[in-house]
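Student: sharing a model that was predicted from the sequence below.
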Amino acid sequence: MMNPSATLADFVANLTFEDIPQPVIRRTEDLFLDWFGSALAGKGARPVEAIESFALAMGRDGGCSEVLVSRRCTSPFFAAMINAAASHFAEQDDVHNGSVFHPGTVVFPPALAIAQTLGSSGRDLLTAAVAGYEAGIRVGEFLGRSHYMVFHTTGTAGTIAAAAAAGRLLRLSTEQMLNAFGSAGTQAAGLWEFLRDAADSKQLHTAKAAADGLLSAYLAQHGFTGARRIFEGERGMAAGMSSDADPAKLVDRLGERWTVLETSFKYHACCRHTHPAADALLKLVSENKLDTDSVTRVTAYVHQGAIDVLGAVDIPQTVHQAKFSMGTVLGLIALFRRAGLREFDEYYSDPRVAAFRAKAEMTLDPEVDAAYPARWIGKVTVETADGRVLRGLVDEPRGDPGNTLTRGEIEEKALRLADYSGAATPAEMAGVFDSVRDLTCTDKIGAFLTPPSAA
């Protein structure tokens, strides 16, 4: 604990495939596949296309790093940037509860881009991904709840996660990894204000986190130095971004506690803060066979973080903003028993959803708030037209480690995401599924979708 920044850097720099338990490797494969589907779902999204247009203007064409949404190949820097933006658009990428952080969307883009450029093995790719998850999640936990009130942790801790994954593939020494952390931490950014304007910043947060973490690792490889106590120093990340930072969380049971196993899959296509209440309402309306007309009032009992993020959206003006509207999500659940991509696209402004949104409210619940962020409890009450008051409770939302998705369900989800955007055919996705199953036996990571002639 003399220098937790250095301790964390030493752990990720020296992590080997053999150090990682097999259940962690299997889970990392699942998370990679889940991320891959999310990235494909970003095809055609205006913010993603804007970032790729920038990359086309600024970067060279050609290279070995695959841009999944367009099947172009480019430099690792720009491939990581575009793939990170794409994978955070559909709101289907994974999340770690305790850090309130989406690791996959910032870890896999730089890891895949570098692995394809270097011709790294599947084992190297998986090891780098685990390094990124372990570093980024611990930094998110270290920064605490106060950080998340203003900062989008995926943009801040995500820069560190990307640097760790990139640095592990580049085989940085402990000293170089520490320098990469210093450079990544000084670039860490991402503010929640964009929600009030339905702005595109969320995709910029992940794009920049992935690209800047990769940049930091490459610079460190070339001798570029960074702050040695970027996390806990007197003018480090905690000093400027948190009032409840806990340095002990940076090194919590390194090598014993594997945060990959704690990471959740997202079932609904919306902000994770809506999921607990959505699942509780889904259970309640299904069991009682309720329709929207029979519901007069819905109260979602939530943690403060949900109010901080979702409270910025009153009447959503865009599909993406609707995914941060508790009332809209609950309305879709009540109407269609799901809140998927197509439901949001077609019905977020439907009069029936708007009417249900007007019946819904959030209220801070002491039990739910005390459990957060370690546990995200779903609790709702529904008042009906015939005078009943019904209560719904879910201890773990769908996709949490204790209520997780199987590999088959993850593949089905990836197929839906690819079909939604038209980014890949079922036959192509079957090939991707086979490639993911074979990762530990793959000697050289190549393109997953791009024809060899285009690479």
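Tutor: All right, it came through fine. Numbers count the residues shown, from 1 in each chain.
Student: for residue 187, give its distance to residue 74.
Tutor: Distance of residue 187 to residue 74, given as CB to CB, to the nearest Å: 21 Å. (Glycine included, C-beta is placed from N, CA and C.)
Student: ignore what I typed, I meant residue 9.
Tutor: 29 Å.
Student: what about the two, which has more around it?
Tutor: residue 9 (28 against 24; other CB atoms under 10 Å).
Student: which SS class is that one?
Tutor: helix (DSSP: H, G, I helix; E, B strand; the rest coil).
Student: all strands of the stretch 1-150 of the chain, in order?
Tutor: Assigned by DSSP state E, counting those that start in this stretch, the stretch 1-150 of the chain shows strands spanning 65-67, 72-74, 95-96.
Student: for those strands, which one sits closest to residue 420?
Tutor: Among the strands of the stretch 1-150 of the chain, strand 65-67 comes nearest to residue 420, with 18.2 Å by CB to CB.
Student: now the strands of the stretch 1-150 of the chain as a markdown table including distance to residue 308?
Tutor: Shown next, in a markdown table, are those (distance: least, CB to CB, whole Å):
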| stretch | distance to residue 308 |
| --- | --- |
| strand 65-67 | 34 |
| strand 72-74 | 37 |
| strand 95-96 | 16 |
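Student: quick one: closest of these to residue 159.
Tutor: That would be strand 95-96 among the strands of the stretch 1-150 of the chain, by CB to CB, at 15.8 Å.
Student: what helix or strand is residue 449 on?
Tutor: Remark: residue 449 resides in no helix or strand, with elements defined by DSSP states H and E.
Student: report pLDDT for the closest residue to it other than its chain neighbours.
Tutor: Spatially, and ignoring its direct neighbours in sequence, residue 449 is nearest to residue 71 (5.7 Å; CB to CB, 6 or more residues apart in numbering). Residue 71 is assigned a predicted lDDT (pLDDT) of 95.
Student: likewise residue 196?
Tutor: 89.
Student: and it, what does it touch?
Tutor: Taking CB atoms under 8 Å, 6 or more residues apart in numbering, we find residue 196 in contact with 312, 313.
Student: ok, residue 308 - how many residues close by?
Tutor: 15.
Student: any idea how far residue 168 is from it?
Tutor: Distance from residue 308 to residue 168, by CB to CB: 33 Å.
Student: next one: residue 213
Tutor: Residue 213 is 11 Å from residue 168, by CB to CB.
Student: surely residue 182 is in contact with residue 235?
Tutor: No: the pair residue 182 / residue 235 is not scored as a contact, 11.9 Å apart, by CB atoms under 8 Å.
Student: look at these two and report which has more neighbours.
Tutor: Comparing residue 182 with residue 235 by other CB under 10 Å, the one with more neighbours is residue 182, at 25 against 10.
Student: please, which helix or strand holds that one?
Tutor: Residue 182 belongs to helix 174-187, assigned by DSSP H and E.
Student: OK, contacts around the most centrally placed residue in the chain?
Tutor: Among the residues of the chain, residue 102 comes closest to the average C-alpha position under CA atoms, centre = their mean, at 2.5 Å. Counting by CB under 8 Å, 6+ apart, residue 102 makes contact with 88, 93, 94, 95, 96, 154, 158, 206.
Student: narrow those residues to those in helices?
Tutor: Cross-referencing the contacts of residue 102 against helices under DSSP state H gives 154, 158, 206.
Student: what are the buried residues along the helix or strand hosting residue 287?
Tutor: Using DSSP H and E, residue 287 sits within helix 275-288. Buried residues in helix 275-288, counted by 16 or more other CB atoms under 10 Å: 275, 276, 277, 278, 279, 280, 281, 282, 283, 284, 285.
Student: over to stretch 238-248?
Tutor: Going by 16+ other CB under 10 Å, stretch 238-248 has these buried residues: 238, 241, 242, 245, 247.
Student: backbone dihedrals for the closest residue to residue 293 other than its chain neighbours, both of them.
Tutor: Excluding its sequence neighbours, the residue lying closest to residue 293 (CB to CB, 6+ apart) is residue 385, at 7.3 Å. With angles defined as degrees, to the nearest 10, residue 385 shows backbone torsions of phi -70, psi -20.
Student: my guess is residue 385 contacts residue 296, does it?
Tutor: Yes: taking contacts as CB under 8 Å, residue 385 lies within contact range of residue 296: 5.5 Å.
Student: export stretch 260-275 as CSV, just CAs?
Tutor: Coordinates of each C-alpha in stretch 260-275 appear next as CSV, following Å, rounded to 0.1, in the frame of the first residue of the first chain:
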residue,chain,number,x,y,z
VAL,A,260,-14.5,-10.6,-14.6
LEU,A,261,-16.7,-13.1,-12.7
GLU,A,262,-18.6,-10.2,-11.1
THR,A,263,-19.4,-8.6,-14.5
SER,A,264,-23.0,-8.6,-15.7
PHE,A,265,-24.6,-8.9,-19.1
LYS,A,266,-27.3,-6.4,-20.1
TYR,A,267,-30.6,-7.9,-21.0
HIS,A,268,-32.6,-4.8,-21.7
ALA,A,269,-31.4,-2.2,-24.3
CYS,A,270,-31.2,0.7,-21.9
CYS,A,271,-29.4,2.3,-19.0
ARG,A,272,-28.5,-0.3,-16.4
HIS,A,273,-30.0,1.8,-13.6
THR,A,274,-33.5,1.1,-15.1
HIS,A,275,-33.0,-2.7,-15.2
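Student: low-confidence ranges in the stretch 151-300 of the chain?
Tutor: Across the stretch 151-300 of the chain, nothing is flagged by pLDDT under 70.
Student: need the helices for the stretch 1-150 of the chain, in chain order.
Tutor: 4-13, 22-41, 46-58, 76-87, 104-118, 122-150 (DSSP state H, counting those that start in this stretch).
Student: likewise the stretch 301-450 of the chain?
Tutor: 304-310, 319-322, 326-336, 341-347, 351-359, 366-371, 407-421, 426-437.
Student: what residues sit buried inside the first one?
Tutor: When you say that, I think you mean helix 304-310. Quick answer for helix 304-310 (16+ other CB under 10 Å): 304, 305, 306, 307, 309, 310.
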